[in-house]
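Enquirer: A structural model of the following input is requested.
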Amino acid sequence: MSTGSGAASAPAPATPTTTRTSSMFSSLRIRNYRLFFLGQVVSNTGTWMQRIAQDWLVLSLTGSATAVGITTALQFLPMLLFGLYGGVLVDRLPKRPTLLVTQASMALTGLALAFLTLSGHVEVWHVYLAAFAVGLATVVDNPARQTFVTEMVGPDQLQNAVSLNSANFQSARLVGPAVAGLMITGVGTGWAFLFNGLSFVAPMAGLLLMRARDLHVVERAPRGKGQMREGLRYVAGRPELIWTIVLVGFVSTFGFNFPVYLSAFADDVFHAGAGSYSLFNTLMAVGSLAGALLAARRGTARLRVLVAGAVAFGMLEIVAALAPALWMFALLMIPIGMFGMTVNVTANSSVQLSTDPAMRGRVMALYMMVFMGGAPLGAPIAGWITDAYGVRAGLAAGGVVAAAAAVVIGLVLARVGNLRLALGWHRGHPVVRFVPREREQLAPAA
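Expert: Predicted coordinates for the structure are as follows:
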């Protein structure tokens, strides 16, 4: 995974409730973003290969779903501990050199893990250490990549570029798990780690080939005291930001523990091995890719889409937990992936487009801290429930929490926005939506 002279700094962000349409691939017309996008295709493929290989290696070494959860927790724990400070650094530092450093550090981690695995000396604590090291690099890498998109494409193309980044990640997810499954069963997990380490050459080359004069100038924050608190106060004063981030926190902490759930379903429930684990991930990626591409065609993100997507995501997880057959469980991965990506892209776009550019690094660091940092809390809990009560209970519990949180936060957002629930019909189909309460008061007068 992954400045110079030019346009003036970005204007005030667009409100996330405005509707507009755009060409699905319009931001790829920009050369710098095109280089970034192509480099991320290669690197993201390697990242997904390492994720599959890492989870399967830990399960093979320990036989414990809890150990898989600990690995996931260690990878995301640094974001939970240091994410806000990472955002402060990103607002101060030039983005392109920063990304070169973080990408190089993750490449070295992958190569080190490949050497240990291929030499036959790998132990589970090596995987734990590598996961934590990647997490440390991610503290800076993630908010830097998120905010660098604005410098490459400008505010007008931000919504489209964010959606295409997600589509990029999910299209790599289609290839990565499949190739990883073949490598694991054919030649071993070490080769997947090696590919991932080498894959970082592509995004680093893309960064080096960019034209600095084509980047949009975004003023960096000067070094000073209280910048972390300033970012927190900014988010706390914006209901559309704070409640979106809270919802993402619940969904990611309790609903997105797929490394724990899918490996346990493949191994313990269906007794199908690494091939089925890769299949589950691949089918989920099909749905995720569809969700991301639909988001690229949509206008600015709507909060009602976020809430509805989170409810559907949670309900589908409950249904999948009860699926009696492998084929049924596998097919449910497609809509789960689609609605999970709807939540991800809509929340990400909404937060970025609602944030002042000068605060974007800190706000996105908080967003990513909640989105990714929830795993250290949720993954061990999911692993414990899986080991103690079975994986079906773990997946169902995650779905219940995600759906319930979406309903409650949707009602809170409606109250804050002075909205009411409206039921109606459109072309013979029922329609459920939130409308301003003022319309109720004006209707009799009209």
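
Enquirer: quick one: average pLDDT of the helix or strand encompassing E317?
Expert: Element membership of E317, judged by DSSP states H and E, is helix 303-321. Averaged over helix 303-321, pLDDT sits at 90.

Enquirer: With stretch 78-92 instead?
Expert: Mean pLDDT, stretch 78-92: 83.

Enquirer: helices and strands around the helix holding E317, which ones?
Expert: helix 239-255, helix 326-353, helix 391-416 (3 or more CB pairs under 8 Å, 6 or more residues apart in numbering; DSSP states H and E). C-beta coordinates here come from the backbone N, C-alpha and C atoms, glycine included.

Enquirer: Now find how far off-centre stretch 275-290 is within its chain.
Expert: 15 Å (CA atoms, centre = their mean, to the nearest Å).

Enquirer: Count the neighbours of L99 for me.
Expert: The local packing of L99 (other CB atoms under 10 Å) involves 23 other residues.

Enquirer: all helices for the stretch 151-300 of the chain, in order.
Expert: In the stretch 151-300 of the chain, the helices defined using DSSP state H, counting those that start in this stretch lie at 158-186, 190-199, 201-209, 227-236, 239-255, 258-264, 274-297.

Enquirer: Deepest in the core, which of these is it.
Expert: Of all those, helix 258-264 has the most neighbours on average by mean count of other CB atoms under 10 Å, namely a mean of 27.

Enquirer: Export only the CA atoms of that one, formatted as CSV.
Expert: Only the C-alpha atoms of helix 258-264 are listed here, as CSV (Å, rounded to 0.1, in the frame of the first residue of the first chain):
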residue,chain,number,x,y,z
PHE,A,258,-13.0,-11.1,8.3
PRO,A,259,-9.4,-12.5,8.8
VAL,A,260,-10.8,-14.2,11.9
TYR,A,261,-14.2,-15.2,10.6
LEU,A,262,-13.3,-16.4,7.1
SER,A,263,-10.3,-18.5,8.0
ALA,A,264,-12.3,-20.2,10.8
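
Enquirer: Determine how far it lies from the middle of the whole chain.
Expert: 17 Å.

Enquirer: How about the residue most central in space within the chain: what's its closest non-neighbour residue?
Expert: For the chain, the residue sitting closest to the mean C-alpha position, by CA atoms, centre = their mean, is N344 at 5.9 Å. Leaving aside its sequence neighbours, N344 sits nearest to S166 (CB to CB, 6 or more residues apart in numbering; 6.4 Å).

Enquirer: Hmm, A290 and that neighbour touching each other?
Expert: No: the pair S166 / A290 is not scored as a contact, 11.2 Å apart, by CB atoms under 8 Å.

Enquirer: which residues do the two both contact?
Expert: M341 (CB atoms under 8 Å, 6 or more residues apart in numbering).
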